[in-house]
Each structure stands twice: as C-alpha cells, then as structure tokens.
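> next comes the sequence, and after it the predicted model I'd like to discuss.
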Amino acid sequence: MCNKTKCDKSAFQKSRRKVLKGIAAGVGALALPASNASASVWEAFFQKHFRELDKTELQQVLARLESEYSKEFGKTVNVKATPPIEGVKYGYGLDLSRCIGCRRCVYACVEENNQSRDPQIHWIKVLQLDKEKGVYLDHAEHYYNPAEVPEQGKFYMPIQCQQCENPPCTKVCPVQATWPENDGIVVVDYNWCIGCRYCMAACPYGARHFNWAKSKLPKDEMNPETHYLGNRPRPTGVVEKCTFCVQRTREQPGRYPACEEVCPVGARKFGNLNDPKSEIRYLIENKRVFIFKEDLNTQPKFYYFYAT
Amino acid sequence: MKTHLRRTITFAICVLALCANVVSAAKVEKFFDRAGNLIVQEKVEKYKRRADEGETYPVPPPPFSEDIFPCSECHAEMEPNPERRELVDMHDDIILDHAEGQRWCLDCHNLNDRDTLRLVSGEVIPFTESYRLCGQCHGDKFRDWKVGIHGKRTGYWNGEKQYLLCAHCHNPHSPRFKPLKPMPPPVRPENLNRQGALEETGHQ
C-alpha cells in the first residue's frame, strides 16, 4: 500500500478518481435499469454523489426517497440529511468492567437502524472472552447462549464500527461511496456504493456488512425517522455499518445512540470529544483506556475502558 | 531537633488525615493493560465516610413498587418500632442481603417520617436523593456516578440529562446486580439466508 510519507495522497486520489469514474461508467452501462423501470428508478440511477448535490437537488432526492419508502412501508417515512454539528467530534466509551454480554444493544441497534431481519444483519457483535486470557480474540466466542449472563470467569466485548480517524475502509473504495464526515462519523452513500466489498476486506474490525438479498423488514417494525447516510432502508447489494446513530446524534439537542440508551448496566458512554466536560473526555483522562488493535494505527474514536 | 519536630508534625498530619474521613481497605485489583495482559496488583480503596453535602441531581421517579408510597399512608398512624426484629405483618418480602449482620432498616429509613431517608449525620433526605445515602459508604462509585461513568445518565448528550438512581439498578436491600437472560445469539454464517442475492441485484 501507499506509504503516507512517500506519495502525495491527494494527487494520487484525484487521478485515481478520474480513472475509476470511467470504469464505473462502463460497469454502469452493463447494469442499466430495465426498459420497463419506473421514472424514479431512472432518477436514482442518474443521481449525483451525495456530496456533489446542491441544496435543491438534495431536497429532490430526499423527497423522492421519502415517497418511495412511504409507499413501500405504508406509513410516512422521513429522510433527513442533517449535516454535522459545528465543533463536534463524537467519541464512544465502553466499560469492559461493567458489560455483562446481554446483547440488548445488538437488538436495539437492529430496530433503530432498520437492519435486515432475514438474512440477518447485526452491526454490533458481542464477544465472550476469558478473564484469565484477556483481549486475545483467538478464544472469543460469539454464539454463547447460557440461561443467564454474566458467566463466571468471563468478560464481554461488544464490537461495532470504531469510527476510525484513519479509516482503512474508505481509502480502498474505488468510487468514494464512503468517507469520514467532519464529526468523525464514517458514512456510506448507499446510492453510490457499487457493492464491491473492498471496504469490508479492509476493515480490521469486521464492522461492515453486505446486503445479500432484498432485506425483510416488517412494515410495523420499520423505523420511519431516518437519515440519508444512516438508517434509511438499504437497497440490495450495498455495504452498511454503524453510524453512531447519525439520525439521533445530530439532532439538536442530540439523543444518545440507541445502543447506549438501552444498556441496562450503563457500560456505554457517548459524547463530544471536543467538550472537556463530557463523560467521554472524563473517562479518557481518568480511567484505564485501550484502543482495539491500536498497532494498526486506525485511530478509533471508540474507547474501551475499565471503570474499576 | 528540627528533624524531630518535622517528624512529629508529619505524624500528626497523618493521624489527622486518617481520623478525619478516610478508611482504607486492601484489595486485589485485576485489570488488563493496553496490550491485553492481565495485571494483578494490590489496591488501596478509600471510602469517604461522608458524601459531599448539598449537591443534588435531576433523577427520574424512584422505582417504588405500586401502592407502597407514600409510606405515611400506613406509618402515620403506626407507633414507630425501632426494635430490630423479624417483620411479619408487612414487608416480609424484604430480605436484607447488604453487608448483613450490621444493618437494620433504620440505618437508612427515618424512624419519625417514613417518607424520607436519614443519613448518618442525622440529615433527612427525600427518596429522590437516595444516592447520597449510598454515597456515604460507596464514595468511589458515587464519585463516578456524578460524572456519568458509574450507572448512567439519560436525556441528551449535549443537553439536559437525568441520572438513574442507584436504586434503579440495585435493590437497596439486596444490591447485587441481578444476572440477565441474554438475547439470542446471531445466526451462524453458514445458516444465513442469502437466497435471491443474484436475482435481486441484477448484476451478473
């Protein structure tokens, strides 16, 4: 791979972009919508990259999606595109001395973020580990299913997107369909993603997931408060991931992510890294903290810590 | 002479510090370092006898069972009975499993007004401030609780917050956190239903 010091990244990216745009156009031609496709399918096909849309174009795209989803799910669906809040950089803390592995967070995430129920997609994975061995993943078990948790001698480590400052996943995307936003959230434009899954291979945390088939999302369980870059229904054949619940956390005032809100033991902490009075800053400054796979220099904004 | 004086003063300060508000208990502490190695070391825990007074925090309503509060509905007419005994006519479901042996109801509840709690100092506090009661003996947890690290705060990450009371998670009478039934494990990859993937995308 390209070494930071050795090659001029931006020049490289620009030229790569041109080349790939050409390739993408060629590939696109093979996959043109069928001749009987509706007008909105054609509109979606020719939609620009999210970051190149101007205000009116964005409004049109959101309106088109809202009417599509509302029809599909039989209720009023809102699609926002709320931008990052100025001066905010999100950070997440997870207290390994508290987590009991109950998986409430996994399912709260599925419901909030409209994940496919079948085939099943979970953005959060909870590992059960031995206290004696520590954070060595070769003895990790994630299908544990005892009558009660926590089990003797075990601890639990939930894993989800680490929202890296230096994300390997976005760099390998051949079409720039995924990028880190100013508030640190790594997002995907599902309308731009071509489903090549390079990003999944590049992510050291297994935090990206592919939509293999038309998702089965029961109408009555569909969460109609959505964000373009977050929990709106995904088309087949694209990659999706945790966004720190962008649809909730960018509100004013900002709600907590669904996983943090549901946690029965209070192991999950969330806040603004730029705010010295936030609980995330407190725990970074006062508790034993570790970064998962720190040696890879991905610079996660997800901090595992021990309160006791 | 000078050294002697200094030593005496130092000793006096130490004694004062010990008497003032700190009791120490040795305890083994286990944790993992950043590389994931298990570290075992002796730890000295400091319990502050008294929580900081006067500070209050917004909390949701205390988690009383139905029809139990206000307590005065029954207790106003009753003769308070400070005697330590087995309760039979009422509250026989309450089993003290909280540093038992040393503890009785009226260490925490107020004999003269059952709708309130009572601190060791004699100060009477409402149930919405029960964290101060707990904080008398669990100073380390109380400190973490105040900054949102132990327990949890609800509300908005950049707006108003509420603190869950200790009692929302710990039954004051038997405070060990109760184990939970885990939600179902994920489907194993080999059993994932990927049917229809190709037809749906339209790609070859």
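Structure's in. What do you need?

> could you use CA atoms for every contact and neighbour count after this?
Noted.

> against chain B, how distant is residue A:136?
Going from residue A:136 to chain B by C-alpha to the nearest C-alpha, to the nearest Å gives 7 Å.

> from residue B:90, how far out is that residue?
52 Å (C-alpha to C-alpha, to the nearest Å).

> mind listing the helices for chain B?
Ranges of helices in chain B, per DSSP state H, are B:2-21, B:72-75, B:130-135, B:139-146, B:166-169, B:197-201.

> kindly format the C-alpha coordinates of stretch A:171-179 as PDB.
In PDB, the C-alpha atoms belonging to stretch A:171-179 read as follows (Å, rounded to 0.1, in the frame of the first residue of the first chain):
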ATOM      1  CA  LYS A 171      -9.400   4.600   1.300                       C
ATOM      2  CA  VAL A 172      -9.900   1.400  -0.700                       C
ATOM      3  CA  CYS A 173     -13.400   2.400  -2.000                       C
ATOM      4  CA  PRO A 174     -13.000   2.700  -5.800                       C
ATOM      5  CA  VAL A 175     -15.900   5.100  -6.100                       C
ATOM      6  CA  GLN A 176     -15.600   7.200  -2.900                       C
ATOM      7  CA  ALA A 177     -19.000   6.000  -1.800                       C
ATOM      8  CA  THR A 178     -17.800   6.000   1.800                       C
ATOM      9  CA  TRP A 179     -16.000   8.700   3.700                       C
END
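
> can you list the low-confidence ranges for chain B?
By pLDDT under 70, the low-scoring segments of chain B are B:1-54, B:101-102, B:194-204.

> for residue A:158, which non-adjacent residue is spatially closest?
Spatially, and ignoring its direct neighbours in sequence, residue A:158 is nearest to residue A:126 (4.0 Å; C-alpha to C-alpha, 6 or more residues apart in numbering or on different chains).

> thought the one you found was touching residue A:100?
No. If you go by C-alpha atoms under 8 Å, residue A:126 and residue A:100 don't touch, sitting 9.9 Å apart.

> for those two, list the residues in contact with both.
Residues touching both residue A:126 and residue A:100 by C-alpha atoms under 8 Å, 6 or more residues apart in numbering or on different chains: residue A:156.

> what about the strands in chain B?
B:22-32, B:38-48, B:116-118, B:124-126, B:153-155, B:161-163 (DSSP state E).

> what about the last one and chain A, touching?
Spelled out, it's strand B:161-163. No. Taking C-alpha under 8 Å from any C-alpha of the partner chain as the criterion, strand B:161-163 and chain A are apart, separated by no less than 10.4 Å.

> other residues contacting that strand?
By C-alpha under 8 Å, 6+ apart, the residues outside strand B:161-163 that reach it are B:57-60, B:148, B:152-155.

> which stretches of chain A aren't confidently modelled?
Counting by pLDDT under 70, chain A contains low-confidence ranges at A:1-42, A:45.

> who's in contact with the residue nearest the centre of it?
Centroid-nearest residue in chain A: residue A:242, 2.4 Å away (criterion: C-alpha atoms, centre = their mean). Contacts here follow C-alpha under 8 Å, 6+ apart; on that basis residue A:242 touches A:123-124, A:160-161, A:207-208.

> can you tell me the helix or strand for it?
According to DSSP states H and E, residue A:242 maps onto no helix or strand at all.

> which phi and psi does it have?
Backbone torsions for residue A:242, taken as degrees, to the nearest 10, come to phi -60, psi 140.

> around chain B, pick out the residues from the stretch 101-250 of chain A.
Residues of the stretch 101-250 of chain A lying near chain B (C-alpha under 8 Å from any C-alpha): A:101-104, A:118-120, A:122, A:132-136, A:142-150, A:212-214, A:236-237, A:249.

> from these, keep the buried residues only.
Neighbour-count burial (16 or more other C-alpha atoms under 10 Å in any protein chain shown) applied to these gives A:101-104, A:118-120, A:122, A:134-135, A:142, A:144, A:149-150, A:212-214, A:236-237, A:249.

> among those, which ones are in helices?
Using DSSP H, the subset of those located in helices is A:104, A:249.

> which residues in the stretch 101-250 of chain A form strands?
Under the criterion DSSP state E, counting those that start in this stretch, the stretch 101-250 of chain A carries strands at the ranges A:125-130, A:154-159, A:178-180, A:186-188, A:209-210, A:225-227, A:239-240.

> find the residue closest to residue A:227 in space, skipping its chain neighbours.
residue A:80 (4.6 Å).

> number of residues surrounding that neighbour?
19 (other C-alpha atoms under 10 Å in any protein chain shown).

> just checking, it touches residue A:230?
No. Counting by C-alpha under 8 Å, residue A:80 stays clear of residue A:230, with 9.3 Å between them.

> which residue packs closest to residue A:74, ignoring adjacent ones?
Spatial nearest neighbour of residue A:74, excluding adjacent residues (C-alpha to C-alpha, 6+ apart): residue A:219 at 7.1 Å.

> quick one: that neighbour from residue A:229, how far?
To residue A:229, residue A:219 is 21 Å away according to C-alpha to C-alpha.

> among these two, which residue is more densely surrounded?
residue A:229 (25 against 12).

> over to that one: give its phi and psi.
phi -90, psi 10.

> and it, what does it touch?
When contacts are counted by C-alpha under 8 Å, 6+ apart, residue A:229 touches A:81, A:187-190, A:246.

> quick one: which of these is most hemmed in?
residue A:246 (28 neighbours).

> wait, it touches residue A:228, no?
No. Look at residue A:246 against residue A:228 with C-alpha under 8 Å: they stay out of range, at 9.4 Å.

> quick check: residue A:307 touching residue B:149?
Yes. Residue A:307 is in contact with residue B:149 according to C-alpha under 8 Å; the separation is 7.3 Å.

> run a quick neighbour tally on residue B:177.
Residues near residue B:177, counting by other C-alpha under 10 Å: 10.

> quick check: closest non-adjacent residue to it.
residue B:170 (5.9 Å).

> what ranges does chain A have for its helices?
A:9-30, A:39-45, A:55-73, A:104-112, A:168-171, A:198-202, A:246-249, A:258-262, A:279-286.

> and residue B:126, bridged to which residues?
With DSSP bridges applied, the residues forming beta bridges to residue B:126 are residue B:116.

> what about it, how many residues nearby?
The tally of other residues near residue B:126 (other C-alpha under 10 Å) stands at 11.

> next one: residue B:188
By other C-alpha under 10 Å, 10 other residues sit near residue B:188.

> over to residue A:231?
Residue A:231: 27 surrounding residues under other C-alpha under 10 Å.
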